[in-house]
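Colleague: Take a look and give me a structure for this.
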Amino acid sequence: MSDRRLQVFFTVARLLSFTRAAEMLHMTQPAVTFQVRQLEEQFDTRLFDRNHNRVSLTEAGRLVFRYAERIFETYTEMEAAMRELKGAVGGALVLGASTTVAEYLLPTLLGTFLRSHPGVGISLRVGNSEAVVAMVEESEIDLGVVESPVSNRNLIVQACLIDHLRLVVPPDHRLATRRKVTLRDFLDEPFVCREEGSGTREVIMEYLTRQGCTRNRLNLCMELGSPEAIKGAVAAGMGISMLSESVIAKEIALGQLVAIALDPPLERPISLVHARQKFRVPTLEVLLRFIREYCTQEEPSPVASTTMNGKET
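Modeller: Predicted structure coming up:
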């Protein structure tokens, strides 16, 4: 968009934060303030009220925001239409993914997609599921891929894979020779879990609830911010955990960890989350179609089969 001032204003108005807008636009906060003041001088009116470190739109600001939204939608639609007219799939997409998905499921998928669509640029932002959904809600990313339920009705949520979680223990653990375990078999064991906001943690807590246990019944001994850290803690004998098959495949093959099936099984959908677009963005549509087709080819589950206790599952 040629008018940088309007773009900066629109970002601040959407986030109601000069600081967050500066971070998103990769600008300094004084530069963002300068651009907004220039636009205010052009219209000869204040667009924002700033009271007690809170930012709100004035009546004039709300009017400019409505028009700016229409301008940017029309501009994006024009770009998409031009690409479609030329029969080209190109442009840039910003994806967000939860840690498990970003580290273990997306690299191969996106690598395959980019080899067949070299004109597309993809950047990836990583956070827990809660943070990724928030980025979609605030239009910071085009598509989110998460492993927890999404309840926002203003977003389109499409399940694409079913992920299976296993109980993970060190090889010398008393349960290591078991083929299956129930919740009662390990409920009192020290448990290593992901942080609040993590999709994996939420799915585990819901599993407890379905089995008639309260969330505080789990014997949490440690909260860690990544699957890698959890695997290290379990291997060191600090506790047990539940992790996705895709996360532990290497450690199982090397004999560093043992994965045990849960009874009843613990499964979760890996879901695509994006905004309800008023117009079609060809590049995003192509990526969504590719992901759906890619996922349907995965048999029998979204991850490679994992060796458990010396046998293929």
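Colleague: what mean pLDDT does the lengthiest helix in the chain have?
Modeller: Longest helix in the chain by number of residues, with DSSP state H as the criterion: helix 59-85. Average pLDDT, helix 59-85: 81.
Colleague: So which elements touch that helix?
Modeller: helix 4-15, helix 29-43, helix 282-296 (3 or more C-beta pairs under 8 Å, 6 or more residues apart in numbering; DSSP states H and E). (Each C-beta comes from the backbone N, C-alpha and C, glycine too.)
Colleague: tell me which residues in the helix or strand in which residue 232 is found are buried?
Modeller: Using DSSP states H and E, residue 232 sits in helix 227-235. By 16 or more other C-beta atoms under 10 Å, the buried positions in helix 227-235 come out as 227, 230-231, 233-234.
Colleague: repeat for stretch 185-194
Modeller: 185-186, 189, 191-194.
Colleague: next one: it to chain centre, how far?
Modeller: How far stretch 185-194 lies from its chain's middle: 26 Å, per C-alpha atoms, centre = their mean, to the nearest Å.
Colleague: Could you give the average pLDDT over the host helix or strand of residue 132?
Modeller: Residue 132 is part of helix 129-137 when elements are defined by DSSP H and E. Per-region confidence: helix 129-137 scores 87 on mean pLDDT.
Colleague: ok, now stretch 175-186?
Modeller: Rounded mean pLDDT across stretch 175-186 is 95.
Colleague: List the residues that contact the nearest residue to residue 109 once chain neighbours are set aside.
Modeller: Leaving aside its sequence neighbours, residue 109 sits nearest to residue 294 (C-beta to C-beta, 6 or more residues apart in numbering; 5.7 Å). Residue 294 makes contact with 109, 112-113 under the criterion C-beta atoms under 8 Å, 6 or more residues apart in numbering.
Colleague: Neighbour-wise, which one of these leads?
Modeller: Highest neighbour count within the contacts of residue 294: residue 109, with 20 neighbours (other C-beta atoms under 10 Å).
Colleague: Would you mark the buried spots in the helix or strand just after the helix holding residue 132?
Modeller: Per DSSP H and E, the first helix or strand lying C-terminal to helix 129-137 is strand 143-146. By neighbour count on 16+ other C-beta under 10 Å, the buried set for strand 143-146 is 143-146.
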